[in-house]
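S.K.: Okay, here's the prediction I keep looking at, along with the sequence it came from:
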Amino acid sequence: MPEQLLFAMEVTLNGLMAGVLYALVALGFVLIFKASGIFNYAQGVMALFAALTLVGIQQGQVPFAHLINAIFGTEVHHFPWQVPSLIAIVLAAGVMILFAWIVEKYVLQHLIGQPDIILFMATIGLAYFMEGFGDIMWGSDIKKLDVGLPQGMNATIDQVTFDWFGYGFFIDNLDIVAAIVASLLVAALTIFSQYSKQGRALRAVADDHSAALSVGISLRFIWVLVWSIAGFVALVAGIMWGAKSGVQFSLSLIALKALPVLMLGGFTSIPGAIVGGLIIGVGEQLFEFTIGPMIGGATQNWFAYVLALIFLIFRPQGLFGEKIIERV
Amino acid sequence: MKYSKLAAASVTALMVATPVLADLVFPSLSYRTGPYAAGGIPYADGFADYFTLLNERDGGIGGVMTSAPECETAYNTEKGVECYEATKGQGALAYNPLSTGITYQLIPKVTADDIPLYTPGYGRTSAANGKVFSHVFNFPANYWNAASLAVNHLKEVSGGDLAGKKIALVYHNSAYGKEPIRTLEGLAEKHGFELVTLPVDHPGQEQKAQWLQIRRERPDFVMMWGWGVMNQVAIQEAANIRFPMENFIGVWWSGGDHDVSPAGDAATGYKAVTFHGVGSDYPVFADIQKHVVDAGKAAGNGDNIGKALYNRGVYAAMLLAESAKKAQEIHGTPDITSSMMRDGMEALEITEARMTELGMPGFGPEFTVSCENHGGPGTGAIQQWDAAAGTWSLISDFGPSDMDVIQPLIDEDSAAYAAENNIEERCN
């Protein structure tokens, strides 16, 4: 098999894996948009905050240590214990649920009936607040995230592909784990929305707010629920991305990777987020591999948006988005 | 009577409540927030702690207290310029913005305002030419020195010959990241190695394509010009593709403790160029611990002492403080102005004896600044990371860079700037 074809196959596989990571971020946006029509600008910061909280709990860090020390002249930084990864994940998820409740009670509840743009603006404010709050709570230093996820080249894939093609493909173990986790997450979300009472209520609200309210579904409960799920998805995305680069404030910028995925897959479709992520992942990696070297490289960021725009021209609602028909 | 008593009491209270204005002001355009905070915090801490040390231990510089008021830039060029405009009226003696983008914007402003701009190891490289850049100083080393120092090291580990070798440069796709390319092209021609350039877009969280290409191209060495998250991801990706860490070398801005720590043990062996000492085994750090941290006057909590970026902040502050001292000597007054400070920077002389006196023996090179040369000696060393110990170690002495290649580039670039801005050469 020609060498370039083998390289292209390797790039495609890695693009698919990168796409799964993008899709993980996009999922959080979709969940909230679907249930409430809010484009949650804070989703990237939620991933950062969730990952910061996880590492902080895991390492036994005293929250607000700098503030406490500055006010009381103490020197407290860490508790004398560390928390096992699984318990830390559960506790971090708990914090995200608490966060969802606070957002609903102190932000969303006061904005019911306001235009979408106001709700969007509120999430911008929320994003900056959370970033500053996370900084005060856990500090700005880069934290190593170690929840036992495997990292590095998968030796089996390398060996098998070498035996077949005479060239071993590189696939990162972390990406394989991310793909499995994303699949489980999507399956769980689908089962939840199809077969649970709360899931059906969530779908009802997504279809028609007023109709859902008229049959006694609590909008407040649904919002807390959906922000909690989005918080959990943010935690998963934060773990996967944080394992690659350490948990640091640039993690919030992963939201930029989700936007073209949403444009392509549609803002209201969970499968759309996955398929969109895969198309963007493969598209940008293949473009960088084939065209990148001719035009100076570093094409991934802007090409993802070009790809999304091309899809938008032909299908404005995205691949899986709901077509909105307004009759006048 | 009542009112006059009240007014007197108010004035007294105001005088007591208002902090005494320091005479020697070195504004710190720092970034403790945003995606680049992890690098900005230790640097800002080191910069602030050194000036606090001078106040606490020595009573300031020449008997005049110092201050380093911080203005948060978040590594954003517009905010950096706003910070400059907001603080220059406070009697600022010199600026150290820790950002190449901000530096480029400030060069014409500081020249017009007669305030020196100090950019050690960053900024506009050709500002080393004092004949054109009267108010910009980048001693003791610049980007192009770093590129040459890295190549010198790679040549040394290749048995003195780089002919036929392949070096890949992974760089931040920005003006900063592109800085070394011209120098490396010149060095590639001189030494006969092949240069492969691989840009990474901001912020650099996704570098899969670049590292797959490195895996395919199989370069002998990889050089990195990164900042922020790009550094941590690149080191992790290098470990993932099993690229030998001892063949991976970064510029000093890719050589912070926070750059290597997220990759854990896999980062052991990674190298970076440096223009100052590493670790905390210098008397100055014991002084900082005693007079600043233990006294509760540190900018941070003291955890950053000895870390690469903290040391760089201390070093930058020390060189500015020594320049201020020189300015006081030249002008015979402890109360110097920014214009006098510029004169002090241009006449700075750093000797090993003085470094030892300051508690920093062997921390940096001996050098002299002149009207023509604002860039210093351009020397540097190589540091290597040991993850188990959690420390950098110097694995080379401070050596020279290849000025035969660098000087013509500095002359060419500064001449172009002079022509564009109608600047007449000085120092004649």
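M.R.: Nice, I can see it.
S.K.: Could I get the contacting residues of residue B:417?
M.R.: B:126, B:132, B:133, B:423 (C-beta atoms under 8 Å, 6 or more residues apart in numbering or on different chains). Placement of C-beta: from N, CA and C, glycine included.
S.K.: cutoff 7 Å now
M.R.: B:126, B:132 (C-beta atoms under 7 Å, 6 or more residues apart in numbering or on different chains).
S.K.: What strand or helix carries it?
M.R.: If you go by DSSP states H and E, residue B:417 is part of helix B:403-420.
S.K.: Show me which residues of chain B are close to chain A?
M.R.: Contacts of chain B with chain A, taken as C-beta under 7 Å from any C-beta of the partner chain, map to B:32-35, B:37-38, B:41, B:173, B:198-201, B:203, B:205-206, B:208-209, B:212, B:215-216, B:228-229, B:232-233, B:236, B:239-242, B:258, B:261-262, B:264.
S.K.: Just the buried residues of the residues you listed.
M.R.: B:32-35, B:37-38, B:41, B:173, B:198-201, B:203, B:205-206, B:208-209, B:212, B:215-216, B:228-229, B:232-233, B:236, B:239-241, B:258, B:261-262, B:264 (16 or more other C-beta atoms under 10 Å in any protein chain shown).
S.K.: Show the low-confidence segments of the chain, by residue range.
M.R.: All of this is about chain A. In the predicted model of chain A, residues A:1, A:323-328 satisfy pLDDT under 70.
S.K.: oops, chain B please
M.R.: In chain B, residues with pLDDT under 70: B:1-22.
S.K.: Identify the residues contacting the closest residue to residue B:244 other than its chain neighbours.
M.R.: With sequence-adjacent residues excluded and distances taken as C-beta to C-beta, 6 or more residues apart in numbering or on different chains, residue B:244 is closest to residue B:269, at 7.3 Å. By C-beta under 7 Å, 6+ apart, residue B:269 lies in contact with B:245, B:246, B:384.
S.K.: Among those, name the ones in strands.
M.R.: residue B:384 (DSSP state E).
S.K.: Most neighbours of all the contacts of residue B:269, which one?
M.R.: residue B:245 (22 neighbours; other C-beta atoms under 10 Å in any protein chain shown).
S.K.: Report the separation between it and residue B:265.
M.R.: Plainly put, residue B:245 is 10 Å away from residue B:265 if you go by C-beta to C-beta, to the nearest Å.
S.K.: what do you get for residue A:149?
M.R.: 15 Å.
S.K.: Residue B:52 too?
M.R.: Counting by C-beta to C-beta, the gap from residue B:52 to residue B:265 is 36 Å.
S.K.: likewise residue A:164?
M.R.: Taken as C-beta to C-beta, the span from residue A:164 to residue B:265 is 32 Å.
S.K.: For those two, indicate the residue with more neighbours.
M.R.: residue A:164 (12 against 9).
S.K.: Please spell out which residues along the helix or strand containing that one are buried.
M.R.: Element membership for residue A:164, per DSSP H and E: helix A:155-165. By 16+ other C-beta under 10 Å, the buried positions in helix A:155-165 come out as A:157, A:158, A:161.
S.K.: Not counting its neighbours along the chain, what's nearest the first one?
M.R.: Leaving out its chain neighbours, the residue that sits closest to residue A:157 by C-beta to C-beta, 6+ apart is residue A:171, at 4.9 Å.
S.K.: residues in contact with the one you found?
M.R.: A:13, A:14, A:17, A:154, A:157.
S.K.: Try it again at 10 Å.
M.R.: Listed by C-beta atoms under 10 Å, 6 or more residues apart in numbering or on different chains, the contact set of residue A:171 reads A:10, A:13-14, A:16-17, A:153-154, A:156-158, A:161, A:179, B:240.
S.K.: again, but for residue B:407
M.R.: So residue B:407 contacts B:128, B:129, B:144, B:373, B:375, B:378 (C-beta under 10 Å, 6+ apart).
S.K.: before we move on, what about residue B:102?
M.R.: B:29, B:31, B:73, B:75-81, B:83-84, B:95, B:117, B:119, B:122-123.
S.K.: Tell me the buried residues within these.
M.R.: Here the buried ones among the contacts of residue B:102, as counted with 16+ other C-beta under 10 Å, turn out to be B:29, B:31, B:73, B:75-77, B:79-81, B:83-84, B:95, B:117, B:119, B:122-123.
S.K.: Contacts only, for the residue of the stretch 151-300 of chain A found nearest chain B.
M.R.: Chain B sits closest to residue A:246 of the stretch 151-300 of chain A, with a gap of 3.0 Å, by C-beta to the nearest C-beta. Contacts here follow C-beta under 10 Å, 6+ apart; on that basis residue A:246 touches A:51, A:55, A:141-145, B:38, B:229, B:232-233, B:236, B:258-259, B:261-264.
S.K.: Then residue B:27?
M.R.: B:67-71, B:83-84, B:86-88, B:90-97, B:115.
S.K.: For the spatially closest residue to residue B:35 that is not a sequence neighbour, which three-state class applies?
M.R.: Computed as C-beta to C-beta, 6+ apart, the closest residue to residue B:35 that is not its neighbour in sequence is residue A:250, at 3.5 Å. Assigned by DSSP: H, G, I helix; E, B strand; the rest coil, the conformation of residue A:250 is helix.
S.K.: thought residue A:250 was touching residue A:48?
M.R.: Yes: using C-beta atoms under 10 Å, residue A:250 is in contact with residue A:48, at 8.5 Å.
S.K.: mind listing what residue 268 touches?
M.R.: You didn't pick a chain, so chain A it is. Taking C-beta under 10 Å, 6+ apart, we find residue A:268 in contact with A:30-31, A:33-35, A:37, A:206, A:262, A:317-318, A:320-322, A:324.
S.K.: oops, I was thinking of chain B
M.R.: Residue B:268 touches B:239, B:245, B:246, B:260, B:384, B:385, B:386, B:387, B:388, B:389, counting by C-beta under 10 Å, 6+ apart.
S.K.: I'd like the distance between it and chain A.
M.R.: Distance from residue B:268 to chain A, counting by C-beta to the nearest C-beta, to the nearest Å: 14 Å.
S.K.: related to what we said a few turns ago, return the member of the contacts of residue B:268 nearest to chain A.
M.R.: Using C-beta to the nearest C-beta, the contacts of residue B:268 come closest to chain A at residue B:239, 6.6 Å.
S.K.: so what's that closest one closest to, chain neighbours aside?
M.R.: residue B:266 (3.5 Å).
S.K.: same question, residue A:267
M.R.: residue A:33 is the one closest to residue A:267 (C-beta to C-beta, 6+ apart), at 4.6 Å.
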